[in-house]
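Engineer: sequence first, then the predicted structure, then my questions.
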Amino acid sequence: MRNLIQLTVLVGAATMPGWTLSASEGDAKYREHVMEAVGGHMQAMVDILKQEVSHSDHLLLHANAMADLGKIALTLFPQGSEGGDALPAIWEQPEEFQEKLQAFDSAAAGLKQTVSSGGEVGPAFQTLGQACKSCHDDYRAE
């Protein structure tokens, strides 16, 4: 019951006048949060792969999350959601951008499969990193 009350208060506060975002602003903020999650999982995997932390047993968790986020990324850039770090080229070149998103999704799924099967992680991780970089190079404001 306490959780329900807390949720109700949070939802009510978020819908108060002055706290609302337009649909495109909301989409842009949500996209930024999801992409921050992508960056967090990538950095955590870097730390594991460089053996800077002793959490190698977490690698599969991060790979699974990246595969899930790859699917989410395919839905994060609808028309009208311009803003944030996303450059206008995303909506001006939708086919090319969709190819980049597909490459990210595929690379994330490939990393998950590689980690799950005990394969050589390095090349799969590099493929994922390249997919991220190629999109950032052309479609993200720094």
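Structural biologist: Received, thanks.

Engineer: all helices for the chain, in order.
Structural biologist: Remark: helices assigned in the chain by DSSP state H are 2-14, 23-49, 59-73, 89-92, 94-117, 121-139.

Engineer: so how many other residues sit close to residue 48?
Structural biologist: 19 (other Cβ atoms under 10 Å). The C-beta positions use only the backbone N, C-alpha and C, and glycine is treated the same way.

Engineer: what separation do you get for the closest residue in space to it that isn't next to it in sequence and residue 93?
Structural biologist: Spatial nearest neighbour of residue 48, chain neighbours left out: residue 59 (5.2 Å); criterion: Cβ to Cβ, 6 or more residues apart in numbering. Separation of residue 59 from residue 93 (Cβ to Cβ, to the nearest Å): 34 Å.

Engineer: surely the residue nearest to residue 48 and residue 46 touch.
Structural biologist: No. If you go by Cβ atoms under 8 Å, residue 59 and residue 46 don't touch, sitting 10.9 Å apart.

Engineer: many thanks, we can stop here.
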